[in-house]
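Chemist: from the sequence below, what's the structure:
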Amino acid sequence: MGKKKKPSAASAPASASEAKPATLKDLLNPEVIGKLMAQANEAKAAEAQQKDAARKQAEENRKAEQKRLEGNFEYLLDNSEMDWKKFK
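Modeler: Below is the predicted model of the structure:
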């Protein structure tokens, strides 16, 4: 009864790395990848700027509405405390 030979460990990883399919990053020119990354960063920055502008606009609208309501006597009467005894 002879011993069975086991496949060597050194040859297995080499064949595994060759078996990996090529990725798009490997196939594309590094210059093209750099341009795509720059374009993605610009898009993210533009989106962040747009969100910030929308947030500022909403804040301005809220402040304008609050100022308008503070000038409305009916609104002030409806939202004030009715316990006038505190102010005597």
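Chemist: in the chain, which ranges drop under the pLDDT threshold?
Modeler: Where the chain drops to pLDDT under 70, the residues are 1-18, 88.
Chemist: what segments of it are helices?
Modeler: With helices called from DSSP state H, the chain shows them at 11-19, 24-27, 30-70, 73-78.
Chemist: put together JSON lines for those, with mean neighbour count and distance to Lys85 on each row.
Modeler: The C-beta positions use only the backbone N, C-alpha and C, and glycine is treated the same way. Output for the helices of the chain, formatted as JSON lines (neighbours: other Cβ atoms under 10 Å; distance: least, Cβ to Cβ, whole Å):
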{"stretch": "helix 11-19", "mean neighbour count": "9", "distance to Lys85": "85"}
{"stretch": "helix 24-27", "mean neighbour count": "8", "distance to Lys85": "75"}
{"stretch": "helix 30-70", "mean neighbour count": "10", "distance to Lys85": "24"}
{"stretch": "helix 73-78", "mean neighbour count": "9", "distance to Lys85": "17"}
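Chemist: adding distance to Trp84, write the ones you listed out as CSV.
Modeler: Putting the helices of the chain into CSV (distance: least, Cβ to Cβ, whole Å) gives the following:
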stretch, distance to Trp84
helix 11-19, 84
helix 24-27, 73
helix 30-70, 20
helix 73-78, 12
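Chemist: for these, which one sits closest to Phe87?
Modeler: Smallest distance to Phe87 across those (Cβ to Cβ): 14.7 Å, for helix 73-78.
Chemist: what's the closest one in contact with?
Modeler: Contact with helix 73-78 is made by Leu69, Glu70, as judged by Cβ atoms under 8 Å, 6 or more residues apart in numbering.
Chemist: distance from it to the middle of the chain?
Modeler: 42 Å (Cα atoms, centre = their mean, to the nearest Å).
Chemist: now stretch 31-50
Modeler: 13 Å.
Chemist: ok, residues contacting it?
Modeler: By Cβ under 8 Å, 6+ apart, the residues outside stretch 31-50 that reach it are Lys25.
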